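Q: Any chance you could fold what I've pasted below:
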Amino acid sequence: LPKCCSSTGGCLPASWPVQPAGRRVVFMGDDTWEGLFPKKFFRSYFFPSFNVKDLHTVDDGILQHLYPTVDSGEWDVLIAHFLGVDHCGHKHGPDHPEMAKKLTQMNEMLRSLVDHLGNDTLLLVAGDHGMTETGDHGGDSEKEVNAALFVYSKTPLFVTVPPEEPEAIPQVNLVPTVALLLGVPIPYSNIGEVMAELFSGDGDAVSAALQQLSVYHINAKQVDRFLHSYSLVAQDLPAEQLQHLQQLFSSAVEEHTQLLAQVQGATLVPPELESRLGSLISRFQLYLREARALCTQSWARFHLLRMVGGCTLIATSCLLCYMASELSASSDSFYRSCLLYPLLWGLMVALLLGLAHAFTQEGLDLLLVSSWAAAASQLGFFWHWWGRHPKQRLQAWLGLAFPMGILLFRCGAMFSDSFVVAEARVAPFLLASLVMLLVGKLHWDGRLTVPEGPKQQFLGFSSYRREIWYLLCLVAMLLICVRLSGFFHQCREEIPQCRPSLFLSPLASLRNTRAKNLFYLLCVVLLAGLVYAVRSWLRHYGNLNSSDPLVLFVRWGFPLVVLCIACYWAVASSADDSLGKLQELVQVAVVAFPWAVYGLASMGLLLLLCNPMTVFAKDTRESPGSIVTPYLGVPTSEVDFLHVIPQIYKRMQESQKSRLERGSCRATVAAYGLGSVYSAALVIALTLLGFLLMLLHSERLSLAFLLLFLEAFVLLHIHSRARGLPFSVPWYAVISWLLAASQFFYSTGHQPIFPAIHWNAAFVGFHLDHSTNLLPAVLVGANTFASHILFAVGCPLLLLWPFVCEMPSSQKKKPKKEPREELQEVEEHMMEMRLRESPEKFSTALLQLGLKYLFVLGTQLLACVCAAMILRRHLMVWKVFAPKFLFESLGFVVSSICLLLGISLVMRVDCAVSTWFNQLQLR
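A: Below is the predicted model of the structure:
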């Protein structure tokens, strides 16, 4: 059969014999082939394929050129790579009416194509993967790894009747089969087994067996040549098994030579000849299958020393983060001199390992030497740190048993594939358990009760503080948020009874128009509610009184962003229903509205970086000679009474005290919003990031993001009610914050598996294909790690929020006090300006918070790395542990970068506050 026509729903193996010598290969379809095999085709028709929402461009382009090319006869191999069915699965799923239309189109294409084929042409219809119930692929479930292979020719292919049940054939078997059909050598590195049924010919059973034996002999010789040359270079194949394979091949070849000689001499009768031919074919099949099994097993290689070195490096880095967080507040000069020890230990270990490897046959492994040297240097530092006050260190570690127990439990469970599969339910449970244990610990420590009097004290009675009821309400709200977040889950195929959440699918997939409209209105109302809540919070703390560009953007830019997102949701949900000229307008709007959101959010972030101050300074200067009462914080207008909180810097307060003592009538300055200036900048940044991330998800997942913000708000208030030292964030707060980030990774429709990646995010705001892979990678990464981004950027709020909550929740009328008493009360509620009083403590607290966050992140990553290393031969390593390790590693990188950005924003605000005070002093 000199011609081969292939219609495929995905790329064939990479060792496909493209452009063999003297053969004309024509390709049409997916432009991925252009990058894999540039300038390798006799003729090609490439079409953009990366946009999974585009169901027709590739297929229509192929159909335009397919039949004329087949009829022309100017080809030996024709590859047509259709993509409509694949993209339809990603966009709509396998049970959508659009899938039925696509399959009907493919069926009609095959009917027409068969009529155009010649008698010497073989048609192969194949796919490179299957499809789950949600239309995704990339995992190793049976529905994903199995795909149909349809072979057709007008010339009969099978001597006998084909089996009723189709045989499962490895995809690598296509390569030697097609190569021998074209009369070209089998690619050197292929280890597939030829599909002998296609070489039966038109003769009797003996002739068909002889022809099949010939192709098996060629196939076996090619595999033997590859194994021989590969074993000389790699030397990772077991010698005993190689020798066994060599014996199998030698005996089969020897018998093949003897059998051909007897056939030529006509010394065998047909029944005996047919039996020996079948036996010899079976021996060649056994050799080819054992060779492939040996290579598959041996190519999963692991460098144990490097793996242990990497785990040791991560473990010591986590330990260094913990030690640095404890030592950052210490002024002991011992620790400064102790910093020399890591350098000395690292150099010494690097020298010893370098010498050891240099004088061995393996040579010098720089990566291994560097990792072990770095780990040894940190262990040296730890040794001297522990030897300073070992008892105190031990007591401090025992005090951390409460929060660290939850963290260690989670990390230890990473070694269980059942836990990793069910982590979407376990992470919220651990978060709720940690908060409930925190309330119990506060009660145990007596921080929630107060003695009522001498009699009650004698009898041991006590009453609860008023704050306990507020704290219990917060805990109840947290539990409700945790429960509701479970409605936005994605399923893994390891849980067959699970059904994915209805909120994951876009509104365009809803067939009920009324339900679609109701969901749309709900999403828009809740999104507007988020903007209203943020603006109300900023107004309450006096951060919306100035006329700076950032404040004006919050007033008018936020509603405009919400309007653009709402318009995008509207046109995206109805894009498939529009017709004619309206369709063209909708296609423009689908691109324009996301770009408007990108532009507005970028403008807001730039304004935030340029001038993050949201403070309004009020000059209360009076005319000279009149009787002047200095401004003491008493409300003078409705705005002051309801919303404005005067914040006066300490130096101004001291100056005002002296002026009151002297009876001075000079002017004073009241600063509104100064007590929450750091938190306001972070809240604005998180709101803008939330807009961008909600845009990259389906419409109904915006409800999950609103739960995310609400739960973060509740966690901050619980932390502020249960805090201890003012300039320190306790471990339980950091661990609960990261558990919430893990919880909402799953509650935004994600799973640590490749089929669950939301590839549609790469085309939000883009109608055609991308010119580079960087931008779609950023969009998909932002979609996948949205919760990591928001919680990492908002991490400094754990330090700032207790200072914000110093201010009374309401401005009620109180009995009139003396000026000095009012001034003293203002001092007690300086809020975030307390951080300005102790800049060294402020910097130390930020450093401690960042190191604690990195420690918890690194500990989780270490658990995943150790699980993947120890269980590297586990049955579920590639299905569960390896994907979890990859996602955890990427999440660690994203969280670390975003944590640095959040801390940098706080430092930028601090610089702006310093500049503001300097300018104020010059007035």
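Q: Just confirm residue 124 is within a strand.
A: Yes: under DSSP: H, G, I helix; E, B strand; the rest coil, residue 124 sits within a strand.
Q: I'd say it and residue 157 touch.
A: No: using CB atoms under 8 Å as the test, residue 124 is too far from residue 157 to be in contact (11.6 Å). Where C-beta positions appear, they are placed from N, C-alpha and C, glycine not excepted.
Q: Which neighbours do those two have in common?
A: Common neighbours of residue 124 and residue 157, counting by CB atoms under 8 Å, 6 or more residues apart in numbering, are residue 151.
Q: Compare neighbour counts for the two and give me the winner.
A: Using other CB atoms under 10 Å as the criterion, residue 124 and residue 157 rank with residue 124 on top: 21 against 16.
Q: Kindly list the longest helix within the chain.
A: Longest helix in the chain, counting residues (DSSP state H): helix 882-921.
Q: Which strands or helices does it pack on?
A: Helices and strands touching helix 882-921, by 3 or more CB pairs under 8 Å, 6 or more residues apart in numbering; DSSP states H and E, are helix 580-610, helix 677-695, helix 774-784, helix 786-793, helix 839-870.
Q: Can you tell me which of these is packed in deepest?
A: Highest mean neighbour count of these: helix 786-793, a mean of 26 (counted as mean count of other CB atoms under 10 Å).
Q: so what's the backbone phi/psi at the closest residue in space to residue 77 that isn't next to it in sequence?
A: Of all residues not flanking residue 77 in the chain, residue 25 sits nearest, at 4.5 Å (CB to CB, 6 or more residues apart in numbering). Phi and psi for residue 25, reported as degrees, to the nearest 10, are phi -100, psi 120.
Q: who are the neighbours in contact with residue 850?
A: With contact set as CB under 8 Å, 6+ apart, residue 850 has these partners: 795, 899-900, 903.
Q: ok, 10 Å please
A: Applying CB atoms under 10 Å, 6 or more residues apart in numbering to residue 850 gives the contacts 321, 324-325, 328, 795-796, 799, 896, 899-900, 902-903.
Q: and of those, the nearest to residue 776?
A: Nearest to residue 776 out of the contacts of residue 850 is residue 896 (CB to CB; 22.6 Å).
Q: wouldn't that closest one be in contact with residue 856 here?
A: No: contact criterion CB atoms under 10 Å: residue 896 and residue 856 do not qualify, at 11.7 Å.
Q: Report the buried residues of stretch 86-106.
A: The neighbour-count check on stretch 86-106 (16 or more other CB atoms under 10 Å) flags 86-94, 96, 98-99, 102, 105-106 as buried.
Q: Quick one: mean pLDDT over it.
A: Average pLDDT, stretch 86-106: 86.
Q: Stretch 728-744 too?
A: For stretch 728-744, mean pLDDT rounds to 92.
Q: One more: stretch 253-273?
A: Mean pLDDT, computed over stretch 253-273, is 79.
Q: Only alpha carbons, please: show it as CSV.
A: Below are the C-alpha coordinates for stretch 253-273, written out as CSV (Å, rounded to 0.1, in the frame of the first residue of the first chain):
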residue,chain,number,x,y,z
VAL,A,253,16.7,-15.2,14.3
GLU,A,254,18.4,-18.6,14.1
GLU,A,255,15.1,-20.4,13.9
HIS,A,256,14.0,-17.8,11.3
THR,A,257,17.0,-18.6,9.1
GLN,A,258,16.4,-22.3,9.4
LEU,A,259,12.7,-22.0,8.6
LEU,A,260,13.3,-19.9,5.5
ALA,A,261,15.8,-22.5,4.2
GLN,A,262,13.2,-25.3,4.8
VAL,A,263,10.5,-23.2,3.0
GLN,A,264,12.8,-22.7,0.0
GLY,A,265,13.6,-26.4,0.0
ALA,A,266,9.9,-27.3,0.3
THR,A,267,10.7,-29.8,3.1
LEU,A,268,7.7,-28.8,5.2
VAL,A,269,4.0,-29.7,4.7
PRO,A,270,1.6,-26.8,5.0
PRO,A,271,0.1,-27.8,8.5
GLU,A,272,3.5,-28.1,10.1
LEU,A,273,4.8,-25.0,8.3
